[in-house]
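> Need coordinates for the following:
(2 chains)
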Amino acid sequence: MGDKNKGLKRLIEFMHDRIPMHKFNFENLVLKKEVPIHRMSWAYYLGGLTLFFFLVQVVTGIFLLFYYQPTVSDAHASIEYITKYVNNGFFIRNLHTWASSCLILCLMAHALTAFAMKAFAPPREIIWVGGALMLVIGFAFGFTGYLLPWHQIAVNATKVALQSLDESGHYLPGFISGIPHYIKEIIQGGPDVGQATLSRFFALHVVILPLLCFGILGLHLLSVQLHGMSQGVDDLPKKSEKFFPFFILKDLIVWGVAFLGVFILAVGIPFESFYAFPFFQAYNALGATPEGIKPEWYFYFAYYPLEIFPFWLVMLGMSVMGVLLFMTPWVFKKTSRRALTILALIMTAYLVVMTFFGQAIYEIVKGVKG
Amino acid sequence: MSSFFTLLLLTFIFSSNAMAHPEYLQYFKKESGRAINCAMCHTNPEGPEGVNPGQIGSLDPEAKKLLALAREAKTGDNIKNPILNDFGNEILNAIGHENLVELEKDPGAIPGLLSKTSDLDHDGIPDYQELLDGTDPLNPNDGLPWKLFIHNFITNWFQIMMITLATISGVFGLYYTILWFSIRTKKEFK
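Numbers count the residues shown, from 1 in each chain, chains lettered A, B, ... in the order given. Below is the predicted model:
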C-alpha cells in the first residue's frame, strides 16, 4: 500500500514538474516570458511557422470539404470540379498541397533543431514526446490526404504502403507478427483498397487526426508556454527579449513572409506538375499501373532504402529510429549539445540526400534507368 | 451467354495488343524522361484497342464511319477521330494519317510538323513543346514546373503584386510596432 502511494506521489510530482499549472498566470505567460538570443535563435521561429502552415491547412481544408466527395466513383471527379470550375478552386487546392509540404518540412526542421538544441532536457520531456507525436500525425495527414483524390498514384502508392505494412509482420516474433496484418485490415477496411479504405482515410484526415492534433498541439503549446523557451545553447545566453510583444510580432513577420512565399508557389506552380500526368488520371482497377509510382517526397527517406536494401533491414532501422524518436529525452539525457548537433546534421544530410538524390542512388545501386 | 464469350474473346485479343503505335510512346518517353501513356493522344489511357469507352470496340456505327474517315485524313483536314483526344486530332490533321504512320520510323519529326503557336490547354507552353517535354497538352496544370511558373507569374502579376504590397505593408507596420514597443519599454525601465 505504501509502495502504491509512493508510486502515485512520484507520478504526481513528475506531472507537476512537467506541466507546472501554478505558472499559468498573466505574469508568467505574458509579462515575464523571455526568449534567449544566441546563434540558434532562428530555430525558435520554426515552431510558430509549423503552427502557421497547420492553420493554412485547416482553413483551406475546410474550403475543400465543401466540394470534395469521399466516394470512389466521385472523389476524382470532385477534385477535377474543384480545380476546373470552383472559383479559386485551383488556388485553394494548390495552396493546401503546397502548405502540406511546407508543414511537414517545418515539422522535420523543428524536430531536428529542437534535438540539436537539447530542447527535450528535463522537465521538457512531454513537450518533446508531444512534438514527436505531432510529427507522426503530420506524416499520417500526408499519407491519408494522398489517397483522397483517388487517382492512379494515390491508390497504387497506398496499396504499396499497406502491403509493406503487412509484410513487416513476417519479421516480428510470435503472436505480435499478426499485428501489422491486423492494422492493415483495419486501415484498409476490405480485401483491397476500395470504398471502405477511402471512407476510413477521409474520416482520419478530416476528423480523427485533426482532433488528435488539436489535443496534442494544445498540450505541446501549453507546456512550452509554462516552461518558456529552452536555453538552446550550452553557455547561458547573455541576451534575451520579451516574448510579448517582441517575439510574437517578429513571429507574425515570419508568418507574413511565409504566406507570401506559399501564395506565389500556389499561384505559380501546380504541385502536380512535379509528377507525370498518367499518375493523376482517375484510378482504374482494370487499367495498367503507370510506371514510376512513388510516395510523396517526405517519405523518400524510407521509400528509397526500401527499394535498395532488404526489407527486414530497413524495417529494423526504421523501428529503432521510431523508438529513439520517442525515447530521445531519456536516451540522450546526458549527451552534450555539440554531439546532438552533429547527430542532427547527419540526420539532415541523410534526409536531404535521400530526398534529392534517392532516385539517382537507386539507379546506380540497382543498375537501372528510371 | 454467347455475347459474354464474345466479350471475353475480344478482351483477350485486345488486351494483348492495347497500344496501336507503341513507337511514338516509347520515343517521347525516352526523350522526356517522364512517364507517358496513351492518354497524351488517345481518348482512353489504355490505348485505342479494346471495348472500353473511347476504344475501337466500343464505337457505334456513326463513330466507326468517322474512324474510317480519319484513316483517310490528309494534311490540313479537320476530322475528329473518335478514339483520339483534341491533341491526337491536332497531330492527325496537321500531318495526315498516311504520313503519321510513316513517321513510326522517325517519331522525333512529329513536333517539328506541328503548329508552333497552338496551345490547347492555354498553359503558356505550346503543344509541340509539351509533346517534347512529355507533359499533357490538354491539362493546364501539367507542364514543366519552371515553364508553368513563368507563364502563371505573368498571367497573375496583379494578384502577386497586391499580395506582395500587402505583405510589405504588414511587415513595415509590424516592424515599427516592435520599434515603438522597444522605445516604450526602455522609457519604462528608465
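
> Please identify the helix or strand for A:Arg39.
Under DSSP states H and E, no helix or strand contains A:Arg39.

> whoops, I mixed them up, A:Ile153
A:Ile153 belongs to helix A:152-168, assigned by DSSP H and E.

> same check, this time on B:Ser182
Applying DSSP H and E, one finds B:Ser182 within helix B:157-189.

> That helix and chain A, are they touching?
Yes - using CB under 8 Å from any CB of the partner chain, helix B:157-189 reaches chain A at B:159-160, B:163-164, B:167, B:170-171, B:174-175, B:177-178, B:181-182, B:185. Heads up, the C-betas are built off the backbone N, CA and C, glycines and all.

> Return the set of buried residues in that helix.
For helix B:157-189, burial by neighbour count (16 or more other CB atoms under 10 Å in any protein chain shown) applies to B:160, B:163, B:167, B:170-171, B:174, B:178.

> Flag the least confident of these.
Within the buried residues of helix B:157-189, B:Ile178 has the lowest pLDDT, namely 88.

> Next, the contact list for that residue, please.
By CB atoms under 8 Å, 6 or more residues apart in numbering or on different chains, the contact set of B:Ile178 is A:245-246, A:249-250.

> try 7 Å
A:246, A:249-250 (CB atoms under 7 Å, 6 or more residues apart in numbering or on different chains).

> Repeat that for A:Leu351.
A:108, A:301.

> what's the distance between it and chain B?
Separation of A:Leu351 from chain B (CB to the nearest CB, to the nearest Å) stands at 21 Å.

> Are any of the contacts of B:Ile178 buried, and if so which?
Applying 16+ other CB under 10 Å to the contacts of B:Ile178 flags A:246, A:249-250 as buried.

> Three-state assignment for A:Thr335, please.
coil (DSSP: H, G, I helix; E, B strand; the rest coil).

> Can you check the pLDDT for it?
pLDDT, A:Thr335: 95.

> next one: A:Lys294
Value listed for A:Lys294 in the pLDDT field: 86.

> what are the ranges of the helices in the chain?
Assuming you mean chain A. Applying DSSP state H to chain A gives helices spanning A:2-18, A:26, A:44-65, A:75-84, A:89-116, A:125-147, A:152-168, A:179-188, A:195-203, A:209-227, A:248-268, A:300-308, A:311-331, A:337-366.

> Hmm, no, I was thinking of chain B.
B:2-15, B:22-32, B:61-70, B:86-95, B:97-102, B:110-113, B:127-133, B:145-155, B:157-189.

> what sits against the residue nearest in space to the middle of chain B?
The structure's chain B has its C-alpha centroid closest to B:Asp136; by CA atoms, centre = their mean the separation is 1.5 Å. With contacts defined as CB under 7 Å, 6+ apart, B:Asp136 is in contact with A:277, B:40, B:130, B:142.

> at 6 Å what do you get?
Neighbour list for B:Asp136: A:277, B:142 [criterion: CB atoms under 6 Å, 6 or more residues apart in numbering or on different chains].

> May I have the phi/psi pair for it?
Reported as degrees, to the nearest 10, the phi and psi values for B:Asp136 are phi -80, psi 120.

> What of B:Leu138?
phi -110, psi 10.

> just A:Pro123 next, same as before
On the backbone of A:Pro123 - angles per degrees, to the nearest 10 - the values are phi -100, psi 40.

> burial count for it?
16 (other CB atoms under 10 Å in any protein chain shown).

> Count the neighbours of the residue lying closest to it once chain neighbours are set aside for me.
Spatial nearest neighbour of A:Pro123, chain neighbours left out: A:Asp17 (4.5 Å); criterion: CB to CB, 6 or more residues apart in numbering or on different chains. As a burial measure, A:Asp17 scores 13 neighbours (other CB under 10 Å).

> same thing with A:Leu198?
So A:Leu198, with other CB under 10 Å, has 22 neighbours.

> where does chain B come near chain A, residue by residue?
Within chain B, the positions adjacent to chain A are B:34-35, B:37, B:45-46, B:136, B:139, B:141-143, B:145, B:148-149, B:152-153, B:156, B:160, B:163, B:167, B:170-171, B:174, B:177-178, B:181 by CB under 6 Å from any CB of the partner chain.

> how does chain B divide into domains?
Following automatic domain parsing, one finds the domains of chain B at B:2-140, B:156-189.

> Would you point to the one among the ones you listed that's packed deepest?
Mean neighbour count (mean count of other CB atoms under 10 Å in any protein chain shown) peaks for domain B:2-140 among the domains of chain B, with a mean of 17.

> any idea of the mean pLDDT in that domain?
84.

> where does that domain sit relative to the chain's centre, distance-wise?
12 Å (CA atoms, centre = their mean, to the nearest Å).

> Likewise for stretch A:271-282?
Worked out by CA atoms, centre = their mean, stretch A:271-282 lies 23 Å from the chain centre.

> Residues touching that stretch, excluding its own?
A:76, A:94, A:97-98, A:151-153, A:290, B:34-35, B:37, B:45, B:136, B:139, B:141-143, B:145, B:148.

> mind running it again at 8 Å?
A:76-77, A:94, A:97-98, A:101, A:149-153, A:290, A:292-293, B:34-37, B:39-40, B:45, B:134-136, B:139, B:141-145, B:148.

> Kindly report the same for stretch A:141-149.
For stretch A:141-149, using CB under 8 Å, 6+ apart, the contacting residues are A:57, A:68, A:70, A:75-76, A:79, A:100, A:103-104, A:154-155, A:157-158, A:161, A:193, A:197-198, A:201-202, A:204-205, A:209, A:213, A:280, A:295-296, A:298-299.

> Output the buried ones among the contacts of B:Ile178 as TSV; include the columns distance to chain B and pLDDT.
Shown next, in TSV, are the buried ones among the contacts of B:Ile178 (distance: CB to the nearest CB, whole Å; pLDDT from 0 to 100):
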residue	distance to chain B	pLDDT
A:Phe246	6	90
A:Leu249	5	92
A:Lys250	7	93
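
> between those residues, which is nearest A:Lys366?
A:Lys250 (47.5 Å; CB to CB).

> just checking, that closest one touches A:Gly48?
No - the criterion here is CB atoms under 8 Å, and A:Lys250 misses it with A:Gly48 at 9.2 Å.

> ok, A:Gln188 to chain B distance?
25 Å.

> Leaving out sequence neighbours, find the closest residue to that residue.
In space, A:Gln188 is closest to A:Thr197, 5.1 Å off (CB to CB, 6+ apart).

> Next: A:Leu221.
A:Leu51 (7.9 Å).

> swap in B:Phe181?
A:Pro245 (4.9 Å).

> Likewise for B:Gln55?
That would be B:Asn44: by CB to CB, 6+ apart, it lies 5.0 Å from B:Gln55.

> who in chain A is up against chain B?
A:83, A:90, A:242, A:245-246, A:249-250, A:252-253, A:256-257, A:259-260, A:263-264, A:267-270, A:272-274, A:276-281, A:284, A:286-288, A:290-292, A:370.

> With respect to B:Ile79, which of the residues of helix B:157-189 next to chain A is nearest?
Of all these, B:Ile79 sits closest to B:Gln159, with 40.6 Å by CB to CB.

> burial count for A:Lys9?
10.

> before we move on, what about A:Phe90?
Neighbours around A:Phe90, by other CB under 10 Å: 18.

> mind checking how far the most centrally placed residue in chain A is from A:Met229?
Nearest to the mean C-alpha position of chain A, by CA atoms, centre = their mean, lies A:Gly138 at 2.7 Å. Counting by CB to CB, to the nearest Å, the gap between A:Gly138 and A:Met229 amounts to 22 Å.

> One more: A:Lys159?
A:Lys159 sits 44 Å away from A:Met229, taking CB to CB as the criterion.
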